[in-house]
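Undergrad: Generate a structure from the sequence data that follows.
(2 chains)
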Amino acid sequence: MRVLPVGDDALLVELASGAEAEALHAELLRRRAAGLLHAREIVPAARTVLLDGLTDPGRLASELAASVVPPAPPREQAAVEIPIRYDGPDLAEVAAHWGVPEEEVARIHAATEFRVAFCGFAPGFAYLTGLPPRYDVPRRATPRTAVPAGSVALAGPYTGVYPRSSPGGWQLIGSTEAVLWDHARVPAALLSPGTRVRFVPVGPVGPVGPVGSVGTS
Amino acid sequence: MSDRAVSVVRAGALTTVQDRGRPGHAHLGVPRSGALDAPAAALVNRLVGNPPDAAVLETTLNGCALRPRSDVTIAVGGAPCRVTVDGRPVAWGAPVRVRAGTLLDIGPAVSGVRTYVALAGGIIVEPVLGSRSTDLLSGLGPAPLTDGTVLPLGRELVPHARVDVAPQPAPPAELVLRVTLGPRDDWFTPDALRAFTSRIFLVSSASNRIGLRTEGPALERARSGELASEGMVLGAVQVPPAGRPVVFLADHPTTGGYPVIGVVRAADLAAAAQAVPGTPVRFVAVRRR
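TA: Sure thing, here's the model as predicted:
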């Protein structure tokens, strides 16, 4: 664990792996809930946890550097199930990367239990981990100007679902009707860091027409 | 004409509703948002007797025009500008009583970028996650104003402040931003670090509520490769591959994948919000408090 100061009242804790970052995040949430830690923001990411709005970052930095982080406790609540159609326009490209037929991409993806490693990019956008490293895929060389809301996509080690239409460079493998973000709902985000997620296939596997060609919005 | 509301007659280039923002949701990808020049927004609220978290209007460069549907006390601050009611000049930087049905015109900024308009009772559009701020990055909160929009106002609570004029800082002729280095200053060459803290940059016209973009020397990286996405704080100076520093302002993304060379002191960000394109910028390295 490496603790880096950020400005005057924040710390960035760097860890060896995503799993360690997840464990530290869980431990920091526990400490905050117990009143042992005062932080305005606790933001987990790929291999770091950011703590912002700290009253005494120097003291916390020494405490963290000296502490041992217990492994993240298993989540009690059931996995969130997201219905998915494996109909994305990049399904064939992902299948080629993986060296399997398109139906097998769907089978492998739907058989995986994911966890929300962190959120970002847009409200409600969650970076889901769970696929083994051999299924990593690169981002598209040219990002799409418009990815439809509900698109299920892969990039690097992550799966994500676009909460609303936006530009994006991830490989689209499917689509869902699930509402990822609704600020009138409590909680507004369907997925938050640590949530377990499963994709439940509905309908046949295979891409539909092209999306997000240049010039659309 | 007795309902507590104002009609937007001229929305201006970009006028948004802003309060102190929605901190505490960064882990869900929700930016803090809020008034870019927070001290100016707080001052105009004080002048009309509003609590500090009341929502105000933030205009950009060319002001806006409003027609109140009931008598209301207003105050205008931030970037200085001409303020008129039915064409007659009234005070900037002080409370002004505006009659129902008259036209309140907030003119273009004479200097600076962002003018703040507080209306007694505050703008009471529906809050999202506890804030009425417009967040341009993620589209949370009310949309930027358009002509014809009607904004509801709260009840006036206390008498307005008894001042003729409140002193406010002038927009900067040169923007000096105190910066603590890190957390990713080790991604840059010693030459780049020297250039960052000694050379003059200019405020780019591509700046917005998300970030103050700069033009100037390109900062060279000491290492290649991609940084894994990590959390970003307000005031973070992120350096994209082209090498020109971007200072993250209120609507900044909550995580990002470009290295942060340093972090600007929060107290200096109001001046950054008022720096017009072309303003010289100096990043001055300071020790952590």
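
Undergrad: Pull the contacting residues for residue B:230.
TA: A:12, A:45, A:46, A:47, A:48, A:50, B:255, B:256, B:257 (C-beta atoms under 8 Å, 6 or more residues apart in numbering or on different chains). Placement of C-beta: from N, CA and C, glycine included.

Undergrad: I'd like to know the beta-bridge partner residues of the fifth one.
TA: Just to be clear, that refers to residue A:48. With DSSP bridges as the criterion, residue A:48 is bridged to residue A:14.

Undergrad: May I have the secondary structure class of the residue nearest to residue A:37 when sequence neighbours are not counted?
TA: Spatial nearest neighbour of residue A:37, chain neighbours left out: residue A:31 (4.1 Å); criterion: C-beta to C-beta, 6 or more residues apart in numbering or on different chains. Judged by DSSP: H, G, I helix; E, B strand; the rest coil, the three-state class of residue A:31 is helix.

Undergrad: The residue in chain B positioned nearest to chain A bridge partners, please.
TA: Of all residues in chain B, residue B:231 sits closest to chain A, at 2.8 Å by C-beta to the nearest C-beta. Taking DSSP bridges as the rule, residue B:231 bridges to residue B:255.

Undergrad: how many neighbours does it have?
TA: Residue B:231 has 28 neighbours, counted by other C-beta atoms under 10 Å in any protein chain shown.

Undergrad: What of residue B:97?
TA: For residue B:97, the neighbour count with other C-beta under 10 Å is 12.

Undergrad: what pairs with it across the strands?
TA: Applying DSSP bridges to residue B:97 gives these bridge partners: residue B:73.

Undergrad: related to what we said a few turns ago, can you pick the most crowded of the contacts of residue B:230?
TA: Most surrounded of the contacts of residue B:230: other C-beta under 10 Å gives residue A:45, at 28 neighbours.

Undergrad: Setting aside sequence neighbours, what's the nearest residue to that one?
TA: Among residues not flanking residue A:45 along the chain, residue B:230 sits closest, at 4.3 Å (C-beta to C-beta, 6+ apart).

Undergrad: The residue lying farthest from the centre of chain A and residue A:6, how far apart?
TA: The C-alpha centroid of chain A is most remote from residue A:59, which lies 30.6 Å away (C-alpha atoms, centre = their mean). Distance, residue A:59 to residue A:6, by C-beta to C-beta, to the nearest Å: 16 Å.

Undergrad: Also residue B:188?
TA: As judged by C-beta to C-beta, residue B:188 and residue A:6 stand 16 Å apart.

Undergrad: Equivalent analysis for residue A:123, please.
TA: Using C-beta to C-beta, we find residue A:123 at a distance of 22 Å from residue A:6.

Undergrad: now do residue A:100
TA: 42 Å.

Undergrad: tell me which residues in stretch B:104-116 are buried?
TA: Neighbour-count burial for stretch B:104-116 flags B:104, B:105, B:106, B:107, B:109, B:112, B:113, B:114, B:115, B:116 (criterion: 16 or more other C-beta atoms under 10 Å in any protein chain shown).

Undergrad: next one: stretch B:125-145
TA: Judged by neighbour count (16+ other C-beta under 10 Å), stretch B:125-145 contains these buried residues: B:125, B:128-129, B:131-138, B:140-142, B:144-145.

Undergrad: What average pLDDT does stretch A:28-35 get?
TA: Taken as a whole, stretch A:28-35 has a mean pLDDT of 95.

Undergrad: Go ahead and name everything in contact with it.
TA: Against stretch A:28-35 from outside (C-beta under 8 Å, 6+ apart): A:37, A:38, A:39, A:42, A:49, A:51.

Undergrad: Looking at those, state which has the most neighbours.
TA: Tallying neighbours with other C-beta under 10 Å puts residue A:49 at the head of these, with 29 neighbours.

Undergrad: Surely that residue and residue A:13 touch.
TA: Yes - the criterion here is C-beta atoms under 8 Å, and residue A:49 meets it with residue A:13 at 4.8 Å.

Undergrad: Skip the chain neighbours and tell me the closest residue to whatever residue of chain A ends up closest to chain B.
TA: Closest residue of chain A to chain B, C-beta to the nearest C-beta: residue A:50 (2.8 Å). Counting by C-beta to C-beta, 6+ apart, the nearest residue to residue A:50 once its immediate chain neighbours are dropped is residue B:231, at 2.8 Å.

Undergrad: about what we covered before: quick one: which of the contacts of stretch A:28-35 is nearest residue B:46?
TA: Of all these, residue A:38 has the smallest distance to residue B:46: 27.7 Å, by C-beta to C-beta.

Undergrad: For my notes, confirm the closest one occurs in a helix.
TA: No - applying three-state DSSP, one finds residue A:38 to be coil, outside a helix.

Undergrad: Now do the contacts for it.
TA: Contacts of residue A:38 (C-beta under 8 Å, 6+ apart): A:32, A:53, A:54, A:55.

Undergrad: could you redo the last one with a cut-off of 6 Å?
TA: residue A:55 (C-beta atoms under 6 Å, 6 or more residues apart in numbering or on different chains).

Undergrad: How about the contacts made by the residue nearest to the spatial centre of chain A?
TA: In chain A, the centroid-proximal residue (C-alpha atoms, centre = their mean) is residue A:127; its distance is 1.1 Å. By C-beta under 6 Å, 6+ apart, the residues touching residue A:127 are A:117, A:118, A:158.

Undergrad: Pipe those residues into TSV and attach pLDDT and secondary structure per row.
TA: Output for the contacts of residue A:127, formatted as TSV (pLDDT from 0 to 100; DSSP: H, G, I helix; E, B strand; the rest coil):
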residue	pLDDT	secondary structure
A:117	92	strand
A:118	93	strand
A:158	96	strand
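
Undergrad: Any chance of CSV for those residues, columns neighbour count?
TA: Converted to CSV, the contacts of residue A:127 look like this (neighbours: other C-beta atoms under 10 Å in any protein chain shown):
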residue, neighbour count
A:117, 24
A:118, 33
A:158, 22
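
Undergrad: and chain B, which of the residues you listed contact it?
TA: Among these, none lies close to chain B by the criterion of C-beta under 6 Å from any C-beta of the partner chain.

Undergrad: What is the nearest of those residues to residue B:267?
TA: Relative to residue B:267, the closest of the contacts of residue A:127 is residue A:118; by C-beta to C-beta it sits at 29.5 Å.

Undergrad: list the helices and strands the host helix or strand of residue A:95 packs on?
TA: In the assignment (DSSP states H and E), residue A:95 maps to helix A:91-98. Helix A:91-98 sits against helix A:102-111, strand A:171-175, with contacts defined as 3 or more C-beta pairs under 6 Å, 6 or more residues apart in numbering or on different chains; DSSP states H and E.

Undergrad: buried stuff in stretch B:175-192?
TA: Buried residues in stretch B:175-192, counted by 16+ other C-beta under 10 Å: B:175, B:177-185, B:187-188, B:192.

Undergrad: For the residues you listed, work out which two are farthest apart.
TA: Pairwise distances across the buried residues of stretch B:175-192 (C-beta to C-beta) peak at 24.2 Å, for the pair B:175 and B:187.

Undergrad: in the chain, what secondary structure element scores lowest on mean pLDDT?
TA: Using chain A. Lowest on mean pLDDT, DSSP states H and E among the helices and strands of chain A sits strand A:166-168, with a mean of 90.

Undergrad: was after chain B, sorry
TA: For chain B, judged by mean pLDDT, DSSP H and E, that is strand B:255-256, with a mean of 92.

Undergrad: Can you give the contact residues for it?
TA: Under C-beta under 6 Å, 6+ apart, the answer for strand B:255-256 is A:45, A:120, B:229, B:231, B:232, B:238.
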